[in-house]
Structure formats: structure tokens, C-alpha cells
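Compute the structure for the input listed below.
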Amino acid sequence: MSTPLVSLRDVHKRYLLDDVPLDVLKGVDLEVDAGEMVCVMGPSGAGKSTLLNLLGTLDLPTRGQILYEGVDVTAFSPRELARFRNEKLGFVFQFHHLMPEFDAVENVMMPGLVRGVPRRKLEPRARALLEEVGLGARLDHRPGELSGGEQQRVALARALSMEPKLILADEPTGNLDSATSDAVHSLLFQINETRGTTFLVVTHNRELAAKMPRVVTMRDGRVERDERRDLPTAVQGQDGARPISPDDGPAEPLAEPSDEPRDGPAPEALEPGADA
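Numbers count the residues shown, from 1 in each chain. The predicted structure follows:
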């Protein structure tokens, strides 16, 4: 039997709020295999964002183990964790966290630049990734010159830049209109299909959840349900939604963006200088 890509074993997370202990995760067990598409849902305060922070090694559990391909990363030093994050994980958040002073190509290259990879090696790959996500005509555009959907596709290309096995996404289309969201969702499934990249997506979006072959529901810091469904490809984001065209107008934000409080420290996808 193959080793899961990532395993959480009896993971607990406690924070101190004004010296009062707050138990956010209460013994989470979860395994994700390579190539899976996993959706995590649940009400506000269920622990979804804390779970994502721990999976992304942006925070460490109070108790329990997090294993990637059988290796317990909770035993890593801060420097080892920074290197692991940079090399093995990709991040896409509700707010794209692009650097406004850099163009699309430079933003996609950023994880490699942080790692110390020469620019001449990074640039061709960054351009190819932007072509892959449909932004070949926007390579030299800065974030302020891109629509919301285009900015999120740059963030997705950046997440792919170091060829991670796992991409962690927190409400990746929470600020996009429904048509743009559908196209970005289709792009996630396309990347999973063509690259075999594993995705774990935290979302309130029930339409996205309905397309996912696996839905993990959290409540009160625990996994309440873990459902696997054998969905046809047509349901999994390949239902005819066209890719976003560079000619599409700016995306309008949803009238009611997600109001879920962050359960832990705000995640940052890049840590310049952490392991340069």
C-alpha cells in the first residue's frame, strides 16, 4: 500500500487568548493521497484555516504529527521548514498577495528567487506557466493592470513555479464573480488532470464542493465527515465553462465576501530571506 502524500495524526492546536486556552483543533486525523482533489468545508470557527496553516507548515501543532510522504515535518527546524515550504508546497489564497511593483513574470518567479535560483533559469518557466493559465498576453502587466481573475491566475502560476506536489488553497475564488470563479475552478481541475498536482481547497463555495470528488467537513475542531464520490469528469470542472480570456473585463467582487475569521496566524505564501 502506497504511503499517503500527507498524513495528520491526532493533531491538536491550542492558542492562548488573553491567557485563556482556546482549543481550535481537537484530534484531527486525515490522509491525502497524491493526485487527489480535496475540499474542506465547515462553519466559521470550525478550524479550517488553522488546519491549512498546519498543513502549510506556517504553524506547528500543539500535539500530534504531520507527515509528508512518511516524514514528520513537525520535527524540522525553522530553517528546514522554510526550505520545505518553498520546495514542496504551493499556496493560493483569497487575496492573491502579488507584489504590485513587479510584473506577472517576476511575481511567478518569486519563489525561485527566494530560493536563490538564477533568474535566467526561472524566467522561461514563468513565461510558460503564464501561457498555460491563459495569460500569455499579460506577461509584462503588473497586478494593478490585471482583472481579479487574472491576478488569481498569476497567483496559481506562482504556486506551480517550484513544481510542488501539493497546492493549498484558501477561498481561492472568494473575491471573484461567479463566471470568473467557474473558470478558475475549471483551471484547478485541468492542472490536476494534466500535472497530477494534489489540491486541498478550503472553501464556502458549495458549487465548487459539488464538483469535488472528496469533501471533508469540519465542525468544532474535528473532522465531522469525510466523503469520497466517484464523479464523472464532466462534473469535475470540465462542464463547458470556457477559460477566462485576457479580453474579459475586470471581475466584480462578490457582494458578500467570506467572513470567516482566521483561526490562526495569517498565512504568507512567501518568506523572503527565510532560506535564500
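
nearest residue to Ala209 other than its sequence neighbours?
Cys39 (4.8 Å; Cβ to Cβ, 6 or more residues apart in numbering). For glycine as for every other residue, the C-beta is placed from the backbone atoms N, C-alpha and C.

Contact partners for that neighbour?
201-203, 208-209, 212, 214-216 (Cβ atoms under 8 Å, 6 or more residues apart in numbering).

got the residue ranges for the strands in the chain?
6-17, 20-32, 37-41, 63-68, 71-72, 89-93, 166-170, 198-202, 214-219, 222-228 (DSSP state E).

Report the mean per-residue pLDDT for the first one.
Within the predicted structure, the mean pLDDT of strand 6-17 is 94.

List the contacts of it.
So strand 6-17 is in contact with 21-32, 47, 50-51, 54-55, 59, 61-70, 166, 221, 264, going by Cβ under 8 Å, 6+ apart.

Each with direction, which strands does it pair with?
strand 20-32 (antiparallel), strand 63-68 (antiparallel) (DSSP bridges).

Any chance of a markdown table for these, columns mean neighbour count?
As requested, the strands paired with strand 6-17 are exported to a markdown table (neighbours: other Cβ atoms under 10 Å):
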| stretch | mean neighbour count |
| --- | --- |
| strand 20-32 | 16 |
| strand 63-68 | 17 |
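
Any chance of a markdown table for those, columns mean pLDDT and distance to Leu135?
Below are the strands paired with strand 6-17 laid out as a markdown table (pLDDT from 0 to 100; distance: least, Cβ to Cβ, whole Å):
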| stretch | mean pLDDT | distance to Leu135 |
| --- | --- | --- |
| strand 20-32 | 95 | 29 |
| strand 63-68 | 96 | 30 |
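
Tell me which of these sits nearest to Glu227.
Taking Cβ to Cβ, strand 20-32 is the member of those nearest to Glu227, at 13.0 Å.

C-alpha coordinates for the closest one, PDB please?
Output of strand 20-32 as PDB, limited to C-alpha atoms (Å, rounded to 0.1, in the frame of the first residue of the first chain):
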ATOM      1  CA  VAL A  20      -7.200  31.700  28.300                       C
ATOM      2  CA  PRO A  21      -6.600  28.400  26.400                       C
ATOM      3  CA  LEU A  22      -8.600  28.100  23.100                       C
ATOM      4  CA  ASP A  23      -8.600  24.600  21.600                       C
ATOM      5  CA  VAL A  24      -9.100  25.100  17.800                       C
ATOM      6  CA  LEU A  25      -8.200  21.600  16.600                       C
ATOM      7  CA  LYS A  26      -9.100  18.600  18.800                       C
ATOM      8  CA  GLY A  27      -7.600  15.500  17.400                       C
ATOM      9  CA  VAL A  28      -7.700  15.600  13.600                       C
ATOM     10  CA  ASP A  29      -6.800  12.500  11.600                       C
ATOM     11  CA  LEU A  30      -6.600  13.000   7.900                       C
ATOM     12  CA  GLU A  31      -4.800  11.400   5.000                       C
ATOM     13  CA  VAL A  32      -4.400  12.800   1.400                       C
END
